[in-house]
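Asker: Got a sequence here, can you build the structure:
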Amino acid sequence: MTQESVLLARQPIFDARLNIIGYELLFRPEDKLDTTAPDHDGDRATSQVMLNAFTEIGMRNLIGDKMAFINYTRTHILSPPPFQDCDLVVEVLEDIAAEPDVVESLQALKADGYTIALDDFVYHESLKPLIELADIVKVDVLDLGREGIAEHVEILSQYPVKLLAEKIEDQEMYDYCKELGFEYFQGYFLSKPKIIRGRKIPANKMIVMQLIMKLQSPDLSPGDIHDTISKDPALSYKVLRMINSAAWRRPDKIESLMRAIILVGINQIRRWASFLALSSFEDKPTALHEQTVIRSKMCEFLGSRISSKRADEFFTLGMLSLLDAFFDMPLEELLKSISLSEEMNAALLEHQGELGFVLKTCIAYEKGDWSGIDWSGLQYYGVTINDVKESYLEALRWDSDTGTNLINSMYEPE
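Answerer: Reported below is the predicted structural model:
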């Protein structure tokens, strides 16, 4: 099992009533957890914080409905990371000058809905273009002292910005800043940063997870599917090989991925691309892939007897239910990295609802665990034990035909 690692640190930011309005997300290297100013490369630190927040933990799991304050280096301002969240506050570091390209990039970020904050702010005439763009200005009260703080409050009162007093270390300074009109407060006196730990998905497996996550989006167009799959030449090849297998019985050979998507259909391509992506786990036995195919099809066949319109959801349910075996991580942790509906999450983790009933029934039948079958549920959904049996047999028959070609496309040499 993957060991837990330090992912980042999280320090709350409060309003004048001491309600948490957001969190600053901070980089913390494993060997320097106690320092307030870790010696690290800024670009790498910001990238790691964002990657861990969005992919390892899940931003909503980390901050809920609050704002996330993240330091942006000049590099990240000019080339923003591919993470979009309008509750994200872009903290412009104190060493960034108000150069035209920086101002232009910040204007674009603000137009996209991001909040702009100036970090460790010390006033200088040259920074006016940044102040005019800012929504929040963070004043380092420990560094400025009382006189300097008052001067900054007077200067910044000319601009429509909210003031955040950072590095508050005692009650006296908190009260003083509150009297001056600061709206937000941050510092060790209020709350120290909390280290957030978790199991990191290895980089190669993270790529697969991101691909599967993207493929599950219900809004993907044929072009989106093509762009997603074509980024991995090996996956594109496997999809085409599977489509051209004897099981599909097509008279003409399909050599274009886009043509395959259009002819076979988005849903079918999405399904098998997800499975084929899992084939990159060479340390997993063929039997696990076969079990995944059979369970997914059984969920689809049984689920279709309850709601034929949801066949794709039932199929996806079966596939996702075995992700923990591929990634060697608890399913609950993995699902934090995938944006699924509450219904799908509840079905996978707690076997709740219509989806959950189908999954629970399929797993129990696989194991021959008759006591694990919800007999009253069968009656409620209007299915019989014979329907369950037939769904399993259909899945086995399907696997011996088309499923065999899928497994072969995973393991045949390329």
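
Asker: Confirm Phe281 sits in a helix?
Answerer: No: read with DSSP: H, G, I helix; E, B strand; the rest coil, Phe281 is coil and lies in no helix.

Asker: Next one, pLDDT for it please.
Answerer: We have a pLDDT of 72 for Phe281.

Asker: tell me which element the closest residue in space to it that isn't next to it in sequence falls in.
Answerer: Residue nearest to Phe281 in three dimensions, not counting chain neighbours: Phe326, with 5.4 Å by Cβ to Cβ, 6 or more residues apart in numbering. C-beta coordinates here come from the backbone N, C-alpha and C atoms, glycine included. Using DSSP states H and E, Phe326 sits in helix 323-327.

Asker: Past that helix, which element shows up next along the chain?
Answerer: helix 331-335.

Asker: what's the average pLDDT for that following helix?
Answerer: 83.

Asker: Extract the CA atoms of the next helix or strand after it and return them as CSV.
Answerer: As assigned by DSSP H and E, the chain's next helix or strand after helix 331-335 is helix 342-350. The C-alpha trace of helix 342-350 is given here as CSV (Å, rounded to 0.1, in the frame of the first residue of the first chain):
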residue,chain,number,x,y,z
GLU,A,342,-23.1,12.3,-5.5
GLU,A,343,-25.3,9.4,-6.6
MET,A,344,-22.4,7.6,-8.3
ASN,A,345,-20.2,8.2,-5.2
ALA,A,346,-22.9,6.9,-2.9
ALA,A,347,-23.4,3.9,-5.0
LEU,A,348,-19.7,3.0,-5.2
LEU,A,349,-18.9,3.6,-1.5
GLU,A,350,-22.1,2.8,0.3
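
Asker: circling back to that earlier point, list of residues touching the helix holding Phe326?
Answerer: Helix 323-327 has contacts (Cβ atoms under 8 Å, 6 or more residues apart in numbering) with Ile201, Lys205, Met209, Ile212, Leu278, Phe281, Lys284, Leu288, Pro330, Leu331, Leu334.

Asker: Export those residues to CSV and append columns for neighbour count and distance to Ala45.
Answerer: Below are those laid out as CSV (neighbours: other Cβ atoms under 10 Å; distance: Cβ to Cβ, whole Å):
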residue, neighbour count, distance to Ala45
Ile201, 21, 20
Lys205, 19, 23
Met209, 21, 23
Ile212, 23, 28
Leu278, 22, 32
Phe281, 18, 30
Lys284, 17, 34
Leu288, 14, 37
Pro330, 12, 28
Leu331, 16, 30
Leu334, 21, 25
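
Asker: would you turn those into JSON lines with distance to Ser5?
Answerer: JSON lines is the format used below for the contacts of helix 323-327 (distance: Cβ to Cβ, whole Å):
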{"residue": "Ile201", "distance to Ser5": "11"}
{"residue": "Lys205", "distance to Ser5": "14"}
{"residue": "Met209", "distance to Ser5": "16"}
{"residue": "Ile212", "distance to Ser5": "22"}
{"residue": "Leu278", "distance to Ser5": "24"}
{"residue": "Phe281", "distance to Ser5": "21"}
{"residue": "Lys284", "distance to Ser5": "23"}
{"residue": "Leu288", "distance to Ser5": "26"}
{"residue": "Pro330", "distance to Ser5": "15"}
{"residue": "Leu331", "distance to Ser5": "19"}
{"residue": "Leu334", "distance to Ser5": "16"}
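
Asker: before we move on, the earlier item: confidence score at the residue nearest to Phe281?
Answerer: 84.

Asker: Do a quick rundown of the strands in this protein.
Answerer: 4-15, 20-26, 67-72, 88-92, 115-118, 136-140, 162-166, 184-185, 194-199 (DSSP state E).

Asker: which one of these has the lowest average pLDDT?
Answerer: strand 194-199 (a mean of 80).

Asker: residue ranges of the helices in the stretch 51-200 of the chain, please?
Answerer: 59-63, 74-78, 100-111, 128-133, 141-156, 171-180 (DSSP state H, counting those that start in this stretch).

Asker: Compare the ones you listed and give me the one nearest Thr292.
Answerer: Thr292 sits nearest to helix 59-63 of all the helices of the stretch 51-200 of the chain, at 25.9 Å, using Cβ to Cβ.

Asker: for that closest one, packing partners?
Answerer: Judged by 3 or more Cβ pairs under 8 Å, 6 or more residues apart in numbering; DSSP states H and E, helix 59-63 is in contact with strand 20-26.

Asker: hmm, back to that, can you tell me which of the strands of the chain is nearest to Ala45?
Answerer: Closest of the strands of the chain to Ala45 is strand 67-72, at 7.5 Å (criterion: Cβ to Cβ).

Asker: Parallel or antiparallel, list what pairs with that closest one.
Answerer: Using DSSP bridges, strand 67-72 pairs in its sheet with strand 20-26 (parallel), strand 88-92 (parallel).

Asker: Can you list the buried residues in the first one?
Answerer: Buried positions in strand 20-26, judged by neighbour count with 16 or more other Cβ atoms under 10 Å: Ile21, Gly22, Tyr23, Glu24, Leu25, Leu26.

Asker: quick one on the thing from earlier: turn the strands paired with strand 67-72 into JSON lines, including distance to Glu154.
Answerer: Listed next are the strands paired with strand 67-72 as JSON lines, based on distance: least, Cβ to Cβ, whole Å:
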{"stretch": "strand 20-26", "distance to Glu154": "24"}
{"stretch": "strand 88-92", "distance to Glu154": "22"}
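
Asker: Nearest to His76, out of the ones you listed?
Answerer: strand 88-92 (8.3 Å).

Asker: by how many degrees do that closest one and strand 162-166 diverge?
Answerer: 70 degrees (axes from the mean of the first three to the mean of the last three Cα atoms, to 10 degrees).

Asker: Only C-alpha atoms, please: export strand 88-92 in CSV.
Answerer: Output of strand 88-92 as CSV, limited to C-alpha atoms (Å, rounded to 0.1, in the frame of the first residue of the first chain):
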residue,chain,number,x,y,z
LEU,A,88,-9.2,30.5,-6.4
VAL,A,89,-7.4,33.6,-5.2
VAL,A,90,-4.2,34.4,-7.2
GLU,A,91,-1.7,35.7,-4.7
VAL,A,92,0.8,37.9,-6.6
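
Asker: That'll do, ta.
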